[in-house]
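[1] model this:
(2 chains)
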Number of protein chains: 2
Amino acid sequence: TRTTDLGWFTPLTCLSFLYSPARAALLTGRLPIRNGFYTTNAHARNAYTPQEIVGGISKEEILLPEILKKRGYVSKIVGKWHLGHREQYLPLERGFDQWFGSPNCHFGPYNTSYRPNIPVYNNSEMIGRYYEEFEIDERTGESNLTQIYLQEGLDFIFQQTLARQPFFLYWAPDATHAPVYASKHFLGKSQRGRYGDAVMELDYSVGQILAWLVTLGIDKNTFVFFTSDNGAALMSGPKQSGSNGPFLCGKETTFEGGMREPAIAWWPGHIPAGTVSYQLGSVMDLFTTSLTLAGLAAPFDRVIDGLDLTPSLFNNSMTDRPIFYYRGNQMMAVRVGPYKAHYWTWSNSWEEFNKGINFCPGQEVTGVTTHTQQEHTMQPLIIHLGRDPGEKYPISVLSKEYQTVLSRVTLIVEEHQKTLVPGQPQLNMCDLAVMNWAPPGCERLGKCLKPPQSQPWKCDWPH
Amino acid sequence: TRTTDLGWFTPLTCLSFLYSPARAALLTGRLPIRNGFYTTNAHARNAYTPQEIVGGISKEEILLPEILKKRGYVSKIVGKWHLGHREQYLPLERGFDQWFGSPNCHFGPYNTSYRPNIPVYNNSEMIGRYYEEFEIDERTGESNLTQIYLQEGLDFIFQQTLARQPFFLYWAPDATHAPVYASKHFLGKSQRGRYGDAVMELDYSVGQILAWLVTLGIDKNTFVFFTSDNGAALMSGPKQSGSNGPFLCGKETTFEGGMREPAIAWWPGHIPAGTVSYQLGSVMDLFTTSLTLAGLAAPFDRVIDGLDLTPSLFNNSMTDRPIFYYRGNQMMAVRVGPYKAHYWTWSNSWEEFNKGINFCPGQEVTGVTTHTQQEHTMQPLIIHLGRDPGEKYPISVLSKEYQTVLSRVTLIVEEHQKTLVPGQPQLNMCDLAVMNWAPPGCERLGKCLKPPQSQPWKCDWPH
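    As a prediction, this is how the structure comes out:
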């Protein structure tokens, strides 16, 4: 048979956008500027899906599990959804057969008269809320959430294996996002504080999933991909975030520290262990690659940005392709081969910076980590990421190398911009009335809260 | 028999001082402040052995190969010596039986009427000079030096194996130091420019040495240790230096980017492959560890700073020990467990910085990467290197953690300073007359140059 079992786990994503937009890109194979997961309220802003967001992933988009269904795949998401929390946007409306997790991040705890705590769903009904039924101890950082998500993933794999059922598991725990938590067994065990403890628990969990596939004898027909949706959130400080090593700045920026992610593909018997691929990839590629593996075609009626990575995965071949780095409605940079051209630079505003919000702590590269939105479209900053992974030394505009690269990059950017049709922006409106006051299932739990009057406003995206 | 074959290769060193001082520390097992490899011409300066240096390693110091000789070891240094280039300071005067390499760095090429090119020695005689008999192409960066050094190392190992002779090989190539070179086969092969090419050739060479030990069947009785003598020399720019990843600043500083180095120990059958040790080590430990392996005692008549690492290497046990970070005559910082306390901070002077000499390009941590020599002895900056490997977030002096750590660190620093007897500084005087004008062997080559009149001066160490 041509059908291939797909088992994925991960807080998936690789390159090019941030949190909610990255997840939208992963499941649609399309840039957020096309699939609508961005804002036009202000120029070049990182929008996502807080509780007050009115929008979500558009009905006009086709999501990966919706297509996989055609070949009989059963799909489950475990963990954070982040593509809209109102009923019409939830995972079971969008191709997933099962869900265990939350629509938003585990921020909180909140004074529930002003702001409800985030619900945890089992399929289409809330079964509790973070900081209430699902405990997170603010002081000690103890929480069993990763263990619960691990168990949900393992159970799903077990049930599908028993039923000899092809499956797609999107394992998207929210561990390592601030406020950082780990379970009792891992707290204090790493040498990197609470953040390290959370990473250790995640690492353990991934190991458990792989071991389980081997135990069940389905490792040779299960494709596993691990990656993350953005670089370390440096503004969360050393106790609540990791390090981006040599890369510049972190989450919220289009510097490498915000965009470049490790990625591991695992498929015993198909992908040789220990090999390294230099293929430039993006989370959108997982959409296209998964469809290829399942013997399915990507939609023909729209632009798909994802690349089929199977030649890289199975033959370690290389495809030259550009990657566009957006911040909201603005293409900030493009990567072509080893070069990156910055058309706009911005870390965050002086106003935020002076309040202590710092996306590049300890780093300052004159003319690169700018605190105003700096346009370079007439003369982009060009960097060779091989020689200069930290984006500290833009190539001299007087050099022959600069001129050669610029000609090549210009053609690619012009082609991209000429053919681009921006999607309808979904992240412009906010309203306290749409928060998680009374999710489905709240009556059974006796946990329905009363929403305030609807008073929509244009969301303020400060960075 | 208790005797163990020792085979070492490397531009050896780990922590605590810079280039020449690191090498002096490695071979004496003692801090440079004790063995005299420092200057008192100005406060907290990085001194080394340029061509005009008058001094070298003191006769009062005992060097590792001098002790190993007692158990019949034959010792060779391949590569850069850097402990004084005048005749009385050369390797064959200090316990080494063989030498192939140069006394100083491969800086050049020079106009030889003002400054001779650096000689390359075979044992006690010069056999040519860099940029003359030993070519380095400035423009293309091509040079066979690493290949020559590799061959010298392999030949030595082969001869000692044939003779069933215990040996100590100190393989100290100068590749990856600016001006960076690689041989034709490696140039343009890496994805990180010429610097990457040089690293690739070094990696290949280390692989060849290990493979050779296996081929000769002596891998199970040869202890190999690999490390470096300082972090990437960031002031050399992206084409001529590497990256220090998450660590702050680079060579010439006492921040982690200047001090922390990878280290790999290899001994099939004795050291389990793939294990990681969290033991805090220094190059000085190689002195003590090597003596233990050879069944020899360290000198009793002086303070030895090196720790015997054999418990860590063979049982992965941990010893708590402080590491003192010096810059010339000044203790700048101390590491105790996961904590580092900065007593003085300094990157480099405003004067140098304004000329474009930058030891921390793209990095700036207020109050930490200071451009004046900043004293914090009354209230050291304390950092938890586990949570904050980039030294960006000094712990609040108001916290309980700060007070607890400070009490512990203070005792250790007081004890260190109370018992410290600084050695006679060897790096204070310079003189053009002492440069490599007419090294031994120059007559045979017809390459003797005429030295100028002796006019000694106090060397100027700007940083």
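
[2] Please enumerate the helices of the stretch 51-200 of chain A.
    A:64-68, A:145-162, A:193-215 (DSSP state H, counting those that start in this stretch).

[3] deepest of these, which one?
    Of all those, helix A:64-68 has the most neighbours on average by mean count of other C-beta atoms under 10 Å in any protein chain shown, namely a mean of 21. In this view, the C-beta of every residue, glycine as well, is placed from N, C-alpha and C.

[4] Neighbours of whichever residue of the stretch 1-150 of chain A sits closest to chain B, how many?
    Going by C-beta to the nearest C-beta, chain B is nearest to A:Gly141 of the stretch 1-150 of chain A, at 13.1 Å. Residues near A:Gly141, counting by other C-beta atoms under 10 Å in any protein chain shown, number 22.

[5] I figured it was touching A:Arg194, is that so?
    Yes. Counting by C-beta atoms under 8 Å, A:Arg194 is a contact partner of A:Gly141 at 4.8 Å.

[6] what residues are shared contacts of those two?
    A:180-182, A:187 (C-beta atoms under 8 Å, 6 or more residues apart in numbering or on different chains).

[7] Considering those residues, which possesses the most neighbours?
    Counting neighbours by other C-beta under 10 Å, A:Ala182 leads the shared contacts of A:Gly141 and A:Arg194 with 29 neighbours.

[8] out of the helices of the stretch 51-200 of chain A, which comes closest to chain B?
    Closest among the helices of the stretch 51-200 of chain A, using C-beta to the nearest C-beta: helix A:193-215, at 4.1 Å.

[9] Helix or strand next in line after that closest one, which one?
    strand A:224-226 (DSSP states H and E).

[10] so what strands line up beside that next one?
    Sheet pairing of strand A:224-226 (DSSP bridges) gives strand A:264-266 (antiparallel).

[11] Show me which residues of the strand it pairs with are buried.
    By neighbour count on 16 or more other C-beta atoms under 10 Å in any protein chain shown, the buried set for strand A:264-266 is A:265-266.

[12] quick one on the thing from earlier: for the residue of the stretch 1-150 of chain A closest to chain B, give me its contacts.
    Contacts of A:Gly141 by C-beta under 8 Å, 6+ apart are A:179-182, A:187, A:194, A:197.

[13] Turn those into JSON lines, columns for distance to chain B.
    Output for those, formatted as JSON lines (distance: C-beta to the nearest C-beta, whole Å):
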{"residue": "A:Pro179", "distance to chain B": "16"}
{"residue": "A:Val180", "distance to chain B": "11"}
{"residue": "A:Tyr181", "distance to chain B": "16"}
{"residue": "A:Ala182", "distance to chain B": "14"}
{"residue": "A:Leu187", "distance to chain B": "14"}
{"residue": "A:Arg194", "distance to chain B": "9"}
{"residue": "A:Asp197", "distance to chain B": "11"}
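
[14] Am I right that A:His416 is in contact with A:Val336?
    No. The criterion here is C-beta under 8 Å, and A:His416 misses it with A:Val336 at 10.8 Å.

[15] okay but A:Thr289 is in contact with A:Ile304, surely?
    No. Here A:Thr289 does not reach A:Ile304: they are 11.5 Å apart, not a contact under C-beta under 8 Å.

[16] okay, these two: which has more neighbours?
    Neighbour count, other C-beta under 10 Å: between A:Thr289 and A:Ile304, A:Thr289 has more, with 24 against 19.

[17] what packs against the helix or strand the more buried one falls within?
    A:Thr289 belongs to helix A:284-293 when assigned by DSSP H and E. Here helix A:284-293 touches helix A:19-28, helix A:64-68, helix A:310-315, going by 3 or more C-beta pairs under 8 Å, 6 or more residues apart in numbering or on different chains; DSSP states H and E.

[18] most packed of those helices?
    Comparing the helices and strands packed on helix A:284-293 by mean neighbour count (mean count of other C-beta under 10 Å), helix A:19-28 ranks first with a mean of 29.

[19] After it, which helix or strand is next?
    Following helix A:19-28 toward the C-terminus (DSSP H and E): helix A:32-35.

[20] Check which helices and strands that next one sits against.
    Packed next to helix A:32-35, using 3+ C-beta pairs under 8 Å, 6+ apart, are helix A:19-28.

[21] mind checking how far the helix it packs on is from the chain centre?
    6 Å (C-alpha atoms, centre = their mean, to the nearest Å).

[22] same thing with stretch A:214-225?
    Using C-alpha atoms, centre = their mean, the offset of stretch A:214-225 from its chain centre is 24 Å.

[23] that older thread, export the contacts of A:Gly141 as TSV, with columns for pLDDT.
    Converted to TSV, the contacts of A:Gly141 look like this (pLDDT from 0 to 100):
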residue	pLDDT
A:Pro179	94
A:Val180	96
A:Tyr181	97
A:Ala182	98
A:Leu187	97
A:Arg194	92
A:Asp197	96
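
[24] which one of the residues you listed sits closest to A:Thr40?
    Here the nearest of these to A:Thr40, counting by C-beta to C-beta, is A:Pro179; it sits at 31.0 Å.

[25] thinking again about what came up before, what mean pLDDT does the helix holding A:Thr289 get?
    Average pLDDT, helix A:284-293: 96.

[26] what's the angle from that helix to helix A:19-28?
    Orientation check (axes from the mean of the first three to the mean of the last three C-alpha atoms, to 10 degrees): helix A:284-293 against helix A:19-28 gives 20 degrees.

[27] my read: A:Thr39 touches A:Gln330, true?
    No. A:Thr39 is beyond contact range of A:Gln330, at 10.9 Å (criterion: C-beta under 8 Å).
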